[in-house]
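Need coordinates for the below:
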Amino acid sequence: MNKKAIGLMLLGYWTVHGVTEASEGALTLTLENDTFTHSDNNYTNGVGIAWVSGAVDADDDGFLGRWTRLWSSLPFVADEGYMTYASWSLAQEMNTPDDIREPNPSADDQPYSGILYVDSTLYARKGDWTHAWQLKLGVVGPASQADEVQREFHQLIGADQPRGWDTQLPNEPVVNLGYTAAHLAAAGSVGGSAQWRLVPVATAGLGNYFTGAGLGVYGEVGWNLVEALGMTALRSGLNAASTVGVGPRNHWSVSFFTGAGAYGVIHYLPLDGTLFRDSRSVDSEPVVGMGSYGFSLRRDKFALSFSRTLFSESFETQRQDTDFGTVGISWLF
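Numbering: from 1, shown residues only. Next comes the predicted model:
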C-alpha cells in the first residue's frame with residue numbers, strides 16, 4: 001500500500017444467475033506495476049502466480065485433506081458447515097525511492113527493497129461470512145533477485161536504469177501471519193437485470209513483513225455476479241475479482257467495484273526496515289488510507305480483472321503517494 005499493509009481480502013457471497021460447474025480450482029497470474037499509473041517509485045512492481053483448490057474434504061487422505069487437518073485448530077477451518085479452500089502463491093515485489101537515477105538515495109526516502117515469498121492461505125466460507133488465514137514465508141534483500149529483474153526489465157524497455165540497488169535492505173527471512181474476515185452486509189438488484197452487493201472487511205497481520213490491522217468496505221455492481229471472495233492485490237488494496245470457489249461460466253459475468261479502507265501500522269518491512277540487521281528505513285505513518293476501483297470479466301474458463309489502487313502518505317517525507325494498477329488473468333478448471 002502506499003505501503004501499508006497486509007492485503008485486504010474482500011469477500012462476497014451471493015446466489016446469482018449464470019452459475020455453471022462447481023469449482024475444481026484455478027490458476028492466476030497477477031501483475032502490479034506503477035507504470036499503469038505513469039509513475040515509477042515506492043511500490044513499483046509486483047508479479048505473482050497463484051493456484052487455488054476446489055473445496056477440500058478434510059477427511060480425505062490426499063495432500064489437501066492432510067494439509068487442512070494440520071491447520072484445523074484454526075477457527076472456522078474445516079468446521080461443520082464451512083467450505084474450505086487452499087491456495088498457494090509465489091510472488092516477488094520491488095520498492096524503490098523517488099529518484100532511481102541516484103546511486104545513493106536520500107536517507108529520508110523509501111529505501112530499495114526486494115521481497116520474494118510464498119503465501120499459503122486457507123479460506124473458510126459459510127453463508128454470508130468468509131474467513132481467510134494466511135502464512136507468508138520468504139526473504140527480503142539481494143536473495144530476492146529483485147535488483148537483477150528490474151535492471152533487466154528497464155534495459156529491455158529502454159527506461160532509466162535503477163542505480164541505487166546497492167543500498168537495498170539486507171537479506172533477512174520473512175515470516176508473517178494474517179487473518180481476514182468479510183461479511184456480505186447487503187445485496188440487491190438494479191433494474192431487474194443487474195445485481196449489487198456491499199461487503200465490509202476487517203484484517204490483521206503479525207510478523208516482520210506487516211504488523212497492524214485494517215478496516216475496509218467495497219461495493220460491487222454488475223451482471224451475473226459470481227458467488228465469490230474478493231481477491232486481494234499482491235501488496236494490498238481491494239479487488240473484488242476472485243477465483244476462490246468459482247467454476248467456469250456459461251454466460252458473461254461483468255462487474256465493477258470501488259472501495260476504501262484504512263490501516264493502523266505498527267511495522268511495515270519496506271519502510272521500517274529489517275528487524276534483525278541494520279538497514280535503511282523511514283518511519284511509517286501510524287494510519288494510512290487507501291482506495292481502489294476496477295472491473296472484472298468472466299466467460300467459460302477465463303477471467304480478466306483490472307484495478308487501480310491509491311494510498312495516502314505512508315511516511316512523513318514521502319515525495320509522491322503510491323498509485324499502482326493490478327492486472328489478473330485466470331484459468332478455471
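
backbone phi and psi for W67, please?
phi -60, psi -40 (degrees, to the nearest 10).

and it, what does it touch?
W67 makes contact with 56, 86, according to CB atoms under 8 Å, 6 or more residues apart in numbering. For glycine as for every other residue, the C-beta is placed from the backbone atoms N, C-alpha and C.

Would you mind measuring from it to G245?
17 Å (CB to CB, to the nearest Å).

partner strands of the longest strand along the chain, parallel or antiparallel?
When the chain is parsed with DSSP state E, its longest strand is strand 249-268. Paired neighbours of strand 249-268 in the sheet (DSSP bridges): strand 210-223 (antiparallel), strand 287-300 (antiparallel).

Send over the helix or strand following it as PDB, restricted to the C-alpha atoms.
Remark: after strand 249-268, the chain's next helix or strand is helix 269-272, criterion DSSP states H and E. Taking Å, rounded to 0.1, in the frame of the first residue of the first chain, the C-alpha atoms of helix 269-272 are listed here in PDB:
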ATOM      1  CA  LEU A 269       9.100  -4.000   6.300                       C
ATOM      2  CA  PRO A 270       9.600  -2.000   3.000                       C
ATOM      3  CA  LEU A 271       9.500   1.300   5.100                       C
ATOM      4  CA  ASP A 272      10.600   0.400   8.600                       C
END
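
ok so, going back, what's the average pLDDT for the longest strand of the chain?
Across strand 249-268, pLDDT averages out at 94.

buried residues in that strand?
249, 253-255, 257-265, 267-268 (16 or more other CB atoms under 10 Å).

Just flag the most distant two among those.
Across the buried residues of strand 249-268, no pair lies farther apart than R249 and H267, at 41.1 Å, counting by CB to CB.

Please tell me how far W165 sits from N95.
In terms of CB to CB, W165 sits 11 Å off from N95.

Neighbour count for the two, which is higher?
N95 (26 against 20; other CB atoms under 10 Å).

how close does the more buried one get to F315?
12 Å.

What of G65?
Using CB to CB, which is the criterion applied here, G65 is 45 Å from F315.

Please apply the same query to T211.
Distance from T211 to F315, by CB to CB: 16 Å.

same thing with D61?
D61 is 50 Å from F315, by CB to CB.

likewise R101?
21 Å.

Between the two, which is the more surrounded one?
F315 (22 against 10).

Pass me the low-pLDDT residue ranges in the stretch 201-333 of the chain, would you?
Screening the stretch 201-333 of the chain residue by residue with the criterion pLDDT under 70, one finds the ranges 229-235.

how does it look with 90?
Low-confidence segments of the stretch 201-333 of the chain, defined by pLDDT under 90, are located at 202, 226-247, 249-250, 319-324, 333.

Neighbours of the residue nearest to L215 when sequence neighbours are not counted, how many?
Leaving aside its chain neighbours, L215 sits nearest to A202 (5.6 Å; criterion: CB to CB, 6 or more residues apart in numbering). Neighbour count for A202, taken as other CB under 10 Å: 15.

S330 and L31: what is the separation?
13 Å.

Those two: which has the busier surroundings?
Higher neighbour count among S330 and L31: S330, with 23 against 15, using other CB under 10 Å.
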